[in-house]
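> coordinates for the following, if possible.
(one chain, ligands or ions: 1)
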Amino acid sequence: MVAELTPAWLRCEYLVDPLGIDVAHPRLSWMLESSRRAQRQSAYQVLVAESRERLTASEGDLWDSGKVPSDQSAHIVYAGDALRSGQRCWWAVRVWDGEDNASAYSAPAWWEMGLLCPEDWQGRWIGLGPGAIDGRSDVRAAGPAERNGETPRLLSPPSPYLRRSFTLAETPVRARLYVTARGLYEIALNGKRVGDALLAPGWTDYRSRIQYQTYDVGHLLHAGENALGAVLSGGWYSGHLGFAARDKHYGDQPQALLQLRIAYADGATEVVVSDGAWRGTTGPILSSDLLMGEEYDARRALPGWDMPGYDDSGWAPVSVADRDAVLLVADRAEPIRIIADITPRVVTRRDADIHIVDMGQNMVGWVRLRVRGAAGMRVRLRFAEILQPDGAIYTENLRAARATDTYALSGRGEETFEPRFTFHGFRYVEVTGYPGDLAPDALIGRMVSSDTPLAGTFACSNEMVNQLQRNIVWGQRGNFLSIPTDCPQRDERLGWLADAQIFARTACCNADAAAFFTKWLTDVADAQAPDGAFPDVAPLVDLGDVIDLSHGAPAWGDAGVIVPWTLYQVYGDTRIIERHYDGMARWLSYIGAANPDYLWVNEHRNNFGDWLALDGDAVENPGASGTPKDLLATAYYAYDARLMAHMAQAIGRVDDADRYDALFRAIKAAFVGAYVSDNGQIAGDTQTGYVLALHMDLLPVHLRAVAARRLVENIERHGWHLTTGFVGVGYLCPVLTEAGYADVTYRLLLNDTFPSWGYSIRHGATTIWERWDGWTDERGFQDPGMNSFNHYSLGSVGEWLYRYVAGIDIDPEHPGYKHILIRPQSDGGLTHAKASYQSIHGMIASEWRVKDGAFTLEVDIPANTTATVHIVAADPIGVTESGRTVDDAPGVAFVRMESGHAVLAVQSGTYAFTSGLAARP
Ligand code: BGC
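Purely as a prediction, here's the structure:
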């Protein structure tokens, strides 16, 4: 018999058919599809072949795993022949089901290796030569800055345009272009833009590691003359980033490095590289900067510059520099792309010269503008998240980020402008100098994001909660730009570690963020200080005397442990633990060395505390939340030790696991001694104090219930409102639910009075605000020095929506959703909730509804996984599945009654449960 299991969604290193990876032993994953219940894989066989033909002939000439008895279908490590640079590997898998019936082989998939060693790179770094930048003094003659009485200032040097042509004797059969830049690049071959990656090569610490991208360009080449063209910008490399609008963090001039490798039918190969044969000039991009914006003068366009036959005799030779020891690494995550086009909602005319465009959504990216007018007319676009009461844009909270794009018309019919090397966080666009009326379709919003595939959906019977979920997702997408950033609009946009750690689990519910975080964790590792400290931000930036970010504060540096742990939980990834194990161990030693008594009281560095909480003196002074900072730090230290113990266990380091477990117990004892009273009161008596102690298991068993009670009393004292900052907010609802207070979590969730998620939504939020009090009825805007309207941290409630409201959760003993917990909490103000989640093992779904006194729960459990389902019920007799008793339903077994719920063991498949509603326990 043939197995009723079909392997599908074959991925290598989390990506479908990745081009140009540099992992020596890549990991292979698949999911299994079946229309029957209770399906599992009992064995698999992977074939990896040099060619598609061999693979189709079932020949694994690179690797044939043979039949491996195992139910593992994720992270199978390639164990075949050593792989070469540029090698294409075709692969397929078949599986055996529980009855030992084999499936057919899957459809073929592939991966391709990038350039694996430094010697593979023959090109050199090229940039604008000295002769190319003259004649620029005229370009600012009549800019909008002058019209508005501002001082004209070059925001950045003009963008280099680099080109060379080359002749091929015949049309190649295959070609790969490997490209990177110190700065940002866009590349064209024979006039066609190569790939769709934006803001490439992405942000890393360019002093230690630079990513390159690989493109398949065979179809763009032909016999005869061909041309390569690259446009560059400073981007994260030499442009402004971080606060105080400093630039030149890693270097001062953008440069490109590229290599085009061509193969002919007879097996001959040829390379074209970046070298002294290239020529450069400046063109229409007068300046471009991530924070400041882009200035484009269409009169200076260079028509045909990236085509063969273009006369570049007026261009100057490029400057050429040798490669240094900095690592060139294959980009391992999804590129930044346009992920949506946003149509404006309203266009209003403020005066003769100014239109205000409302995109209807706080978004990240830029706009594409269509315009007709006379040569030299300038249209200026300024971007803002919010309007002032008089209808003008509010830009104070952008601080030094100018967020201004300018377009000077060529005067040749209808023109289209779209910047390439900047991005803005905005809902409103102020358009100055547009000739005539601005029709709504003249402008379109271009939403950009690291293109992490969406993996989750959540919706429920409350529209405000649905808006909250949308706000969380918009905030995530807009702030995941090569790295997880804090905010997209002001002069900051840094990879703050606390923001990332508190939001990581939520992020992984909404999207497949495995490749994205795997990449960012190398940024964190690159930024680890020699003494073992993880930083506050990664990639690390040097902000001089403004602030030293090299040694992470409590809850910030700890991301170096918590994010690998999260990836292990969500994706079952043990390699991420192995790769970062020593770094994590060094972080713990760093804290331990300075704090021999187990209380983390020294080395707090920037010590942000429960950032932006509303307790203590925090309302006036963001750093002064009521949660004692030593307590917060010690809780995180304990948590790190605990997670390390689990992670050591997961990779078989049993002695370490014991050692970290002992460390955890010692810290816990010190914590209890220092901060916990016999009556269960925790020092500071703040919500975050209780939340951390409960979440991180820092209380003696007999005090857990009373501490939870105190937390609830605290919430009650605040009129049933939360007061937590960044550090407490993500765990607040999970802790309350676990302690039996689901009803309290629903009160917090459904509030729309201050402070609450609902309050921001009632005031029009379309993303998560940085602060609970970003705007209040009483005092209007918070301090513009720190008031972003698109910061995801307070959106870390999102994981709770999936895990507890819809009820899809991980069993920590079987990470990667190999065994799934379905435990919806239906006793709140909702009558319906549903979520779906594309796990590494396939699609999981949970949808419940309370109607006419009955509770229904529909569940999808992917093949080759199992689940424990909790369904509210007075007794097991009251539960049915598709009209059958639980005993008669295939794939279901009753396990026990627990707290007013029937607990069922469920095999893979689709199920529809019904139960008469039981009273709450
Ligand atoms: C950032 C935060 C960050 C914090 C450190 C802020 O300016 O926007 O999100 O975590 O600084 O406290």
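
> quickly find the element holding residue 710.
Secondary structure from DSSP states H and E places residue 710 in helix 701-717.

> buried set for that helix?
For helix 701-717, the buried set under the neighbour-count rule, 16 or more other CB atoms under 10 Å, comprises 703-704, 707-708, 710-712, 714-715. Bear in mind the C-beta positions are built from the backbone N, C-alpha and C, glycine included.

> so which other helices or strands are in contact with it?
On a contact count with 3 or more CB pairs under 8 Å, 6 or more residues apart in numbering; DSSP states H and E, helix 701-717 meets helix 687-695, helix 726-738, helix 742-750.

> other SSEs contacting the following helix or strand past the last one?
Pointing back at helix 742-750 there. Counting by DSSP H and E, the element after helix 742-750 in chain order, helix or strand, is helix 757-762. Here helix 757-762 touches helix 463-479, helix 742-750, going by 3+ CB pairs under 8 Å, 6+ apart.

> same for the helix or strand that comes right after the longest one, what does it pack against?
Just to be clear, that refers to helix 463-479. Downstream of helix 463-479, the next assigned helix or strand under DSSP H and E is strand 480-481. Packing partners of strand 480-481 (3+ CB pairs under 8 Å, 6+ apart): strand 443-450.

> quick check: mean pLDDT across the strand it packs on?
The average pLDDT within strand 443-450 is 98.

> and that strand, how far out from the chain's middle?
Relative to the mean C-alpha coordinate of its chain, strand 443-450 is positioned 16 Å out (CA atoms, centre = their mean, to the nearest Å).

> need the contact list for the most centrally placed residue in the chain.
Per CA atoms, centre = their mean, the C-alpha nearest to the average position across the chain is that of residue 480, at 4.1 Å. By CB atoms under 8 Å, 6 or more residues apart in numbering, the contact set of residue 480 is 449-450, 452, 507, 511, 513, 516.

> mind listing the helices for the stretch 351-500 of the chain?
463-479, 497-510 (DSSP state H, counting those that start in this stretch).

> is the ligand contacted by the last one?
It refers to helix 497-510. Yes: Helix 497-510 is in contact with the ligand by CB under 6 Å from any ligand atom, via 498-499.

> what of the longest one?
No: applying CB under 6 Å from any ligand atom, one finds that helix 463-479 is not in contact with the ligand, the shortest distance being 9.9 Å.

> quick one: list the elements packing against that helix.
On a contact count with 3+ CB pairs under 8 Å, 6+ apart, helix 463-479 meets strand 354-371, strand 443-450, strand 456-460, helix 497-510, helix 742-750, helix 757-762.

> quick check: next helix or strand after the last one?
It stands for helix 757-762. Counting by DSSP H and E, the element after helix 757-762 in chain order, helix or strand, is strand 775-776.

> hey, which of the helices and strands packed on helix 701-717 is tucked in deepest?
Ranked by mean neighbour count, the helices and strands packed on helix 701-717 are led by helix 687-695 with a mean of 28 (mean count of other CB atoms under 10 Å).

> where does residue 17 sit relative to residue 108, distance-wise?
To residue 108, residue 17 is 10 Å away according to CB to CB, to the nearest Å.

> which of the two has more neighbours?
Legend: neighbour count by other CB atoms under 10 Å for residue 17 and residue 108, higher for residue 108 (15 against 12).

> the more buried one touches residue 52, doesn't it?
Yes: counting by CB atoms under 8 Å, residue 52 is a contact partner of residue 108 at 6.0 Å.

> overlap in contacts, these two.
The contact sets of residue 108 and residue 52 overlap at residue 90 (CB under 8 Å, 6+ apart).

> for the protein, give me the ranges with low pLDDT.
133-155, 618-623, 917-921 (pLDDT under 70).

> let's see 80
Applying pLDDT under 80 to the chain picks out residues 133-155, 244-245, 617-624, 827, 917-921.

> so which bits of it are right by the ligand?
Taking CB under 6 Å from any ligand atom as the criterion, the chain approaches the ligand at residues 486-487, 492, 496, 498-499, 608, 611, 786, 791.

> list just the nearest of those residues to residue 731.
Checking the residues of the chain next to the ligand against residue 731 by CB to CB gives residue 498 as the nearest, at 13.0 Å.

> what is the burial count for the nearest residue to that closest one once chain neighbours are set aside?
In space, and not counting its chain neighbours, residue 498 is closest to residue 556: 4.4 Å by CB to CB, 6 or more residues apart in numbering. Neighbours of residue 556 under the rule other CB under 10 Å: 28.

> helix/strand/coil for residue 556?
The three-state assignment at residue 556 reads coil, by DSSP: H, G, I helix; E, B strand; the rest coil.

> and it, how close does it get to residue 636?
Noted for residue 556: a distance of 9 Å to residue 636, by CB to CB.

> ok, residue 281 touching residue 317?
No: judged on CB under 8 Å, residue 281 makes no contact with residue 317 at a distance of 10.8 Å.

> more neighbours, the two?
Applying other CB under 10 Å to residue 281 and residue 317 shows that residue 281 carries more neighbours, namely 23 against 16.

> now the nearest residue to that one once chain neighbours are set aside: how far from residue 160?
With sequence-adjacent residues excluded and distances taken as CB to CB, 6+ apart, residue 281 is closest to residue 315, at 4.4 Å. Separation of residue 315 from residue 160 (CB to CB) stands at 10 Å.

> identify the contacts common to those two.
Here residue 315 and residue 160 have 132, 280-281 as joint contacts, going by CB under 8 Å, 6+ apart.

> just the ones of these in strands?
Members of the shared contacts of residue 315 and residue 160 lying in strands (criterion: DSSP state E): 280-281.

> now render the shared contacts of residue 315 and residue 160 as TSV, adding distance to residue 604.
Converted to TSV, these look like this (distance: CB to CB, whole Å):
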residue	distance to residue 604
132	49
280	49
281	52
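
> returning to what we had before: kindly format the C-alpha coordinates of the helix holding residue 710 as PDB.
Extracted in PDB, the C-alpha atoms of helix 701-717 (Å, rounded to 0.1, in the frame of the first residue of the first chain):
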ATOM      1  CA  VAL A 701       5.400  27.000  45.800                       C
ATOM      2  CA  HIS A 702       3.300  28.100  48.800                       C
ATOM      3  CA  LEU A 703       3.600  31.800  47.800                       C
ATOM      4  CA  ARG A 704       2.700  31.500  44.200                       C
ATOM      5  CA  ALA A 705      -1.100  31.700  44.600                       C
ATOM      6  CA  VAL A 706      -0.800  34.600  47.100                       C
ATOM      7  CA  ALA A 707       1.600  36.500  44.800                       C
ATOM      8  CA  ALA A 708      -0.900  36.100  42.000                       C
ATOM      9  CA  ARG A 709      -3.600  37.400  44.200                       C
ATOM     10  CA  ARG A 710      -1.500  40.400  45.000                       C
ATOM     11  CA  LEU A 711      -1.000  41.000  41.400                       C
ATOM     12  CA  VAL A 712      -4.700  40.900  40.800                       C
ATOM     13  CA  GLU A 713      -5.300  43.300  43.700                       C
ATOM     14  CA  ASN A 714      -2.700  45.700  42.300                       C
ATOM     15  CA  ILE A 715      -4.600  45.600  38.900                       C
ATOM     16  CA  GLU A 716      -7.800  46.200  40.800                       C
ATOM     17  CA  ARG A 717      -6.300  49.200  42.700                       C
END
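
> how far does that helix sit from its chain's centre?
Offset of helix 701-717 from its chain centre (CA atoms, centre = their mean): 34 Å.

> ok, and what's touching that helix?
With contact meaning CB under 8 Å, 6+ apart, helix 701-717 is reached by 676, 679-682, 685-687, 690-691, 693-694, 699, 721-723, 735-736, 739-741, 744, 747-748.
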